[in-house]
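Visitor: okay, here's the prediction I keep looking at, along with the sequence it came from:
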Amino acid sequence: MRPVPSTLRPPADLTVPAPGSTTAREVYSAALRRLLGDLAAILRPGPGAEPELRAELRAICVELRERAPGALASALRRADVGVWIRCLRPGAAASIDRAEGLRRLGLALGLALAAHRALPRPLTIPRPPRTQSSLALRARLAVPAGVDAITITDDGVVDAGGAILLSPGTASADAGEDAAFASIAGPIVLALADDNPIAAVEAHPDKEGNAVDLGGRAPAAWAGALADALDLVGAHLPALRAELDLLIQQFVPVGVDDERHLSASYQEAIGTIYLSLHPRVMTMAEAVIHEFSHNKVNALFEVDPVLDNAFTTFHRSPVRPDPRPLHGVLLAVHAFLPVAAFYEAMIAAGDPRAASADGEARLRAIVRGNHEAAEVLRAHAAPTPIGEALLAEIFALDRRFCDAWLPDGG
């Protein structure tokens, strides 16, 4: 389903943010406003799965919109809540069991509201899933076999007929072998379990889904590597690093590979990055910047078509072996332009990890690929007014990098 054109102002720096930029925040806020409308559409009265649960969730949301809209917005911001709304909304491409999805949405939303002490009354989830993680509580709920309903109380306790399955006092990250999350930096965590219903859907020809896989490494090793990558990004692209704390909530590990790196993002799962572990911090930093940039554009696609022909024609992409729709070409250049800015900033700062012949060669290769993708967009894209602003930024950055690093055509 195409998003309804929004009142979002054309973004000036969604690719490489200027110091103090509010562009990413404005785009993300617009995407959350759409999410609220999508939730209302999912819960509206009428025939369909789980009518009693939908009615209860609808009543809770109506009450919160009147007396605590901030708490409702905070709950919807959670990646594990938003993914179920985007997979269940009218016109969603995801093919999932609707009754199961509604129960999981109700559980995720109820746990998020309980974490904010905003659940106005107890919420009962019938036929609950056996397990589900909660980003808000940084915990994983395990429901014993045979339990046919659980209740989330207004003080955040999950009760199964008198048996307490989870309470706020026992929920925290890094809680031993059964932890669902490990802290990385600030609000960002490593997810040791993932409930994304479409994580197995894979667009990349070299990957087969994104199942959680630590690759035999300890969570602390993953968290440390990602913290180092985030620190490196922060040292050289501080404005982009600040945006990361706004949008990204969790990294999901999908294996270890010393030779190549693979990563993924989903428009349905804004706030989540899937990636493999690589021994080089530069590779990890590139992946973080790349997938974070996908999250930003995914949020933009939530509120505007961006390109009227985003999915109708296929073209050569500089970073993929298979022909890609213009949507994929746009995502590629939008993700690699800030990677180019990252290398350029490191070279300017004299950081030895990039200020070398290898670092400059890598930057020139990125600039060439970005220019190729930009030329495809220039020749074929049919942008909306929002898309025109995004392309104007992309074309200006492409020209600047080409002039600086490929003065003779590379």
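Guide: That came through fine.

Visitor: what residue ranges in the protein score low on pLDDT?
Guide: Applying pLDDT under 70 to the chain flags residues 1-6, 169-178, 202-208, 318-321, 409-410.

Visitor: repeat that with 90
Guide: The model of the chain has pLDDT under 90 over residues 1-7, 93-95, 116, 154-156, 161-162, 167-179, 200-210, 258-261, 313-324, 407-410.

Visitor: which parts of it are strands?
Guide: For the chain, the strands defined by DSSP state E occupy 123-126, 131-134, 139-142, 149-152, 158-160, 163-166, 181-185, 188-191, 250-256, 263-264, 272-277, 314-315, 324-325.

Visitor: out of those, which comes closest to Ala93?
Guide: Ranking the strands of the chain by proximity to Ala93 (Cβ to Cβ) places strand 324-325 first, at 13.8 Å. Backbone N, C-alpha and C define where each C-beta goes, glycine included.

Visitor: from the contact counts, what lies against the closest one?
Guide: strand 314-315 (3 or more Cβ pairs under 8 Å, 6 or more residues apart in numbering; DSSP states H and E).

Visitor: among the strands of the chain, which comes closest to Leu237?
Guide: Evaluated with Cβ to Cβ, the strands of the chain place strand 181-185 nearest to Leu237, the distance being 14.9 Å.

Visitor: from the chain's centroid, how far away is the closest one?
Guide: Centre-to-centre, strand 181-185 and its host chain are 16 Å apart (Cα atoms, centre = their mean, to the nearest Å).

Visitor: who does that strand pair up with?
Guide: strand 188-191 (antiparallel) (DSSP bridges).

Visitor: need the helices for the protein, in chain order.
Guide: With DSSP state H as the criterion, the chain has helices at 23-43, 51-67, 69-77, 79-88, 98-115, 219-236, 238-247, 281-303, 326-349, 357-380, 385-405.

Visitor: tilt between the third one and helix 23-43?
Guide: Looking back up the chat, that one is helix 69-77. Between helix 69-77 and helix 23-43, the angle comes out at 90 degrees (axes from the mean of the first three to the mean of the last three Cα atoms, to 10 degrees).

Visitor: flag every buried residue along stretch 350-357.
Guide: Asp351, Ala354 (16 or more other Cβ atoms under 10 Å).

Visitor: would you mind giving the strands of the chain as JSON lines with distance to Ile394 and mean neighbour count added?
Guide: Shown next, in JSON lines, are the strands of the chain (distance: least, Cβ to Cβ, whole Å; neighbours: other Cβ atoms under 10 Å):
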{"stretch": "strand 123-126", "distance to Ile394": "45", "mean neighbour count": "19"}
{"stretch": "strand 131-134", "distance to Ile394": "36", "mean neighbour count": "20"}
{"stretch": "strand 139-142", "distance to Ile394": "40", "mean neighbour count": "20"}
{"stretch": "strand 149-152", "distance to Ile394": "45", "mean neighbour count": "20"}
{"stretch": "strand 158-160", "distance to Ile394": "46", "mean neighbour count": "20"}
{"stretch": "strand 163-166", "distance to Ile394": "45", "mean neighbour count": "16"}
{"stretch": "strand 181-185", "distance to Ile394": "29", "mean neighbour count": "21"}
{"stretch": "strand 188-191", "distance to Ile394": "27", "mean neighbour count": "24"}
{"stretch": "strand 250-256", "distance to Ile394": "26", "mean neighbour count": "22"}
{"stretch": "strand 263-264", "distance to Ile394": "21", "mean neighbour count": "22"}
{"stretch": "strand 272-277", "distance to Ile394": "22", "mean neighbour count": "25"}
{"stretch": "strand 314-315", "distance to Ile394": "15", "mean neighbour count": "14"}
{"stretch": "strand 324-325", "distance to Ile394": "16", "mean neighbour count": "20"}
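
Visitor: TSV for those, including distance to Glu63?
Guide: What follows is the strands of the chain, written out as TSV (distance: least, Cβ to Cβ, whole Å):
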stretch	distance to Glu63
strand 123-126	12
strand 131-134	21
strand 139-142	24
strand 149-152	15
strand 158-160	21
strand 163-166	24
strand 181-185	30
strand 188-191	30
strand 250-256	29
strand 263-264	37
strand 272-277	29
strand 314-315	48
strand 324-325	42
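
Visitor: mind checking which of the ones you listed is nearest Gly215?
Guide: Between the strands of the chain, strand 250-256 lies closest to Gly215; by Cβ to Cβ that is 3.0 Å.

Visitor: and of the helices of the chain, who's closest to Ser263?
Guide: Short answer: helix 281-303, nearest of these by Cβ to Cβ, at 4.7 Å.

Visitor: ok now that closest one, how far from the chain's centre?
Guide: Centroid separation between helix 281-303 and its chain, computed with Cα atoms, centre = their mean, is 8 Å.

Visitor: got the angle between that helix and helix 219-236?
Guide: Using the same axes, to 10 degrees: helix 281-303 against helix 219-236 is 80 degrees.

Visitor: go through helix 281-303 and flag the buried ones.
Guide: Here helix 281-303 shows 282-303 as buried, counting by 16+ other Cβ under 10 Å.

Visitor: hang on, the earlier thing: most packed of the helices of the chain?
Guide: Highest mean neighbour count among these (mean count of other Cβ atoms under 10 Å): helix 79-88, with a mean of 25.

Visitor: what is that one packed up against?
Guide: Packing partners of helix 79-88 (3+ Cβ pairs under 8 Å, 6+ apart): helix 23-43, helix 69-77, helix 98-115.

Visitor: so it versus helix 238-247, what angle?
Guide: Calculated by the same axes, to 10 degrees, helix 79-88 forms an angle of 70 degrees with helix 238-247.
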